[in-house]
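Asks: my questions are about this predicted structure, shown below with the sequence.
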Amino acid sequence: MLRPYFLTVWKSSGGLTKDTRLQKIKKDAVRITRYRSLTDRVLANKQNHVYNEKTLAQTEQLLDINPELYTIWNYRRDILLERFKTCDSDAIHDIMKNELALSVEYLRRFPKCYWIWNHRKWCLEYDCLTNWDAEMAMIDTFLKADSRNYHVWQYRRYVVDRMKLGQTSQEQLDTDLQEFNYTTKMINRDISNYSALHNRSRLVKMLFENSPESATVFHTKNKYEFLVQEFQMMKTAFYTDPDDSSVWIYLKWLLGDYFIDSISKEQARQVVETAIADINELNELELEDNGVDNQWCLKTLVFLEQQLRKKSDRACLAHVVVAQFEEKIFIQVPGRLQAIGSVVLVQADFDVENNVIYDMFAVGSQFQLFQRVSHERRLFVPDKQASAQYDDCVKVRGPLQRQFRRVQVVQHRPAQKTDLSGDSEVFGVLDEELLDQEITEIESPKFHKLFLQAQKSFSVFVLLLRRSHDAT
Amino acid sequence: MTSLDKSKHVAYIKSLDDQKQFLEYWLSEHLRMNGIYWGACALFLMRAEHEFDKKTLVEFILNCYDSTYGGFGAFPKHDSHILSTLSALQLLKMYDALDVINDKKPQILQFIKGLQLPDGSFQGDRFGEVDTRFVYTAIQSLSILESLSPDIVDPAVDFILKCQNFDGGFGMVPGSESHSAQIFTCLGTLAITGHVDKIKDREALEWWLSERQVENGGLNGRPEKLPDVCYSWWVMSSLSILGRLDYINGDKLREFILQCQDLEEGGISDRPGNQVDVYHTLFGIAGLSLLGYEDLVPVDPVYCMPYHVTSSIKKYPYD
């Protein structure tokens, strides 16, 4: 992005043999003289404010060699502005048509050059007779050549905004809808087109905000219906390429607060639960095919669990389940989400002698996905020496990595006399009374009590825990 | 394992001005000021800044001053642009020579402030190109000159905040796609002006940035794009501003950057095996500095200059 297009040409002459180097120097000498004398002439005329046909042609000659010369673009515009003083809008339009043609020619060679795109926008600002269809066709051609070109997408939004300035509000809606449909077309062509997904996200918001009740597509303004449809589209996409990050990032937005908060709780739960089921299924397939979980599935599942918890009627209490082991460790488990993470880690980490605990995780891992993770110990290496390999084992990075790390910190605590007082972020506190005691003193009945309390905050998980306790 | 070949990189940077027999040297005039800053900053991080002659440097910068519009061009006789103006100010700041522009300071301030538009954004020069890059460069320039004020800062911050997207990232203008380099310019603006706490969806932003690392350890600028050494700077500086450097595997990134070195002629390229350039040389080295590798001078993620230089810049809001 910030990378200047012409930069790579400014390099040392390294890599050349002595002969080729000398040949290049000889050849360049002529070209340098020509280039520098042209540059000198043009800059001198610029300083003297010489604005005429000849100097205009010279700018073109120079830009043709180096379209990054912003100063020469500026000079060219100054010459044109001078000429506009005696032009009517038709005459300006003709001049601008020529400028647009010139810039297209340059853009074919340098499609990522900021200055050329900028010149094009400048032309549109001055020309009140722009042929917008021609602009849209030009954009389409460039997007066909490179469907992710940042400049082209930006230019497209700019052109659409300019077009909309002259439109009624109904026409504006139609334009946005056409743009929305264009993103569908681009995504169908290539689901990995994040630029199209980005544009789609903002168009969806605009269409929901601006559509009247009677509008046809976002007709009932019913976000639920849209969400269900859109999820189907994304489902096809993530089944097509489960490793493509574009789709997952878009999906995270789709199932994020923007939509989830504006539909009913029941609908939200339904949508999220369907998504969880589908993604679990996909991960199963991925596991069968590749022998490893798909990390995007895992991350999205964790995110969706969070969303689900938000829609749960039960208010979360302190989010803590305390587990006791030989190594005297407390694990913070905020809700089902992190319970899942912790189950993985705990199972792998500890020498499980305490039946209660063992059962707890055996049952907890009824979340099939995570049971597998824990059994195969792929997310965590139990051996402390091997914890150096931690970074390779835990593929999850970003905000989620934190909760894994947190447990890692726990693992490295000294075995005796675990001091919990100053570390509430790591451990959390559900029952302070319990934490005041030596951890080894916590026995089954106390766990029971703990589970009962925790049950208030996350029903499913704790229910399973309790069943395991009863079994002992 | 390879390490950073500092002496080769220093030699490479020094050699850049000895290329006048090559056409490419002349075709890059429009970048010269920026290029010298990239080179100088890399030298600073390698404790080799003395390799540039301060007197020659200051003379060149003064020759690039454009008295018509009041800013600096990239080369003598080139027009003022905010990009080259910032590079000039960074160079003067790093070489402790800001006093040479004392007489020009009012015009320079007028040039920079004159680029701000009513919506708080900045254009790069008088021809209207708007970009969060220019907001950042203008705000950093004013910060180096210790001339920020609420009438400039507040609308600029509002504009930056409007550039945030559905994925938590920021783009070039409101509505444009998230891009790591644009995110850096937005976070940099917020950090200089003391407004990082105004970011919404911080977790989404951190998540998006943390997903930039690809299999070979390098970072990309947008989803599903190839890694490039320069994102070792744009992504890592952003994560550093957010206090989340640990979201990226530093060892793997280091390995990727080191693989991009030209071990014969010096310099760093965008990807292993490609032609090196001074831009990637700086951002590779700056990335390593942020990660604390290779005994480099610590770099300030907000200003992209050594901490020992930026520590003397007055912090906004001023007392």
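Replies: Nice, thanks for sending it over.

Asks: which bits of the stretch 201-350 of chain A sit near chain B?
Replies: A:Ser201, A:Arg202, A:Lys205, A:Asp244, A:Ser245, A:Ser246, A:Ile249, A:Lys252, A:Trp253, A:Gly256, A:Tyr258 (C-beta under 8 Å from any C-beta of the partner chain). Yep, even glycine has a C-beta here, placed from its N, CA and C like the rest.

Asks: just the buried residues of those.
Replies: Neighbour counting over these (16 or more other C-beta atoms under 10 Å in any protein chain shown) leaves A:Ser201, A:Arg202, A:Asp244, A:Ser245, A:Ser246, A:Ile249, A:Lys252, A:Trp253, A:Gly256 as the buried ones.

Asks: hmm, the third one is touching B:Glu224, no?
Replies: The one in question is A:Asp244. Yes. Using C-beta atoms under 8 Å, A:Asp244 is in contact with B:Glu224, at 6.6 Å.

Asks: who touches both of these two?
Replies: Common contacts of A:Asp244 and B:Glu224 (C-beta atoms under 8 Å, 6 or more residues apart in numbering or on different chains): A:Ser192.

Asks: okay, now the unreliable bits of the chain?
Replies: In the absence of a named chain, chain A is used. A:1-15, A:213-221, A:309, A:311-472 (pLDDT under 70).

Asks: actually, chain B is the one I wanted.
Replies: Residues of chain B that meet the cut-off, pLDDT under 70, sit at B:1.

Asks: just the strands in it please.
Replies: B:299-300, B:305-306 (DSSP state E).

Asks: got a markdown table for those, with distance to B:His280 too?
Replies: Formatted as a markdown table, the strands of chain B follow (distance: least, C-beta to C-beta, whole Å):
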| stretch | distance to B:His280 |
| --- | --- |
| strand B:299-300 | 15 |
| strand B:305-306 | 18 |
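
Asks: now these in JSON lines, with mean neighbour count and distance to chain A?
Replies: As requested, the strands of chain B are exported to JSON lines (neighbours: other C-beta atoms under 10 Å in any protein chain shown; distance: least, C-beta to the nearest C-beta, whole Å):
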{"stretch": "strand B:299-300", "mean neighbour count": "24", "distance to chain A": "16"}
{"stretch": "strand B:305-306", "mean neighbour count": "22", "distance to chain A": "16"}
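
Asks: quick one: name the residues of the stretch 201-319 of chain B near chain A.
Replies: Residues of the stretch 201-319 of chain B lying near chain A (C-beta under 8 Å from any C-beta): B:203-204, B:206-208, B:210-211, B:213, B:221-225, B:228, B:230, B:234, B:246-249, B:251, B:262, B:264-267, B:270, B:275-279.

Asks: which of these fall in helices?
Replies: Taking DSSP state H, the ones among those that sit in helices are B:Glu203, B:Ala204, B:Glu206, B:Trp207, B:Trp208, B:Ser210, B:Trp234, B:Asp251, B:Val278, B:Tyr279.

Asks: my read: the last one touches B:Cys230, true?
Replies: Yep, that's B:Tyr279 we're talking about. Yes. The criterion here is C-beta under 8 Å, and B:Tyr279 meets it with B:Cys230 at 6.7 Å.

Asks: returning to what we had before: tell me the one of the ones in helices among the residues of the stretch 201-319 of chain B next to chain A nearest chain A?
Replies: B:Ser210 (3.4 Å; C-beta to the nearest C-beta).

Asks: that closest one touches B:Ile248, doesn't it?
Replies: Yes. Under the criterion of C-beta under 8 Å, B:Ser210 makes contact with B:Ile248 at 6.6 Å.

Asks: who's more crowded, the two?
Replies: A direct count of neighbours by other C-beta atoms under 10 Å in any protein chain shown for B:Ser210 and B:Ile248 places B:Ile248 higher, at 24 against 20.

Asks: that one reaches B:Asn220, doesn't it?
Replies: No. Using C-beta under 8 Å, B:Ile248 makes no contact with B:Asn220, being 11.9 Å away.

Asks: so what sits against both of those two?
Replies: B:Arg212.

Asks: thinking again about what came up before, export the ones in helices among the residues of the stretch 201-319 of chain B next to chain A to a markdown table and tack on distance to A:Ser147?
Replies: Listed next are these as a markdown table, based on distance: C-beta to C-beta, whole Å:
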| residue | distance to A:Ser147 |
| --- | --- |
| B:Glu203 | 29 |
| B:Ala204 | 24 |
| B:Glu206 | 28 |
| B:Trp207 | 25 |
| B:Trp208 | 20 |
| B:Ser210 | 25 |
| B:Trp234 | 23 |
| B:Asp251 | 34 |
| B:Val278 | 31 |
| B:Tyr279 | 26 |
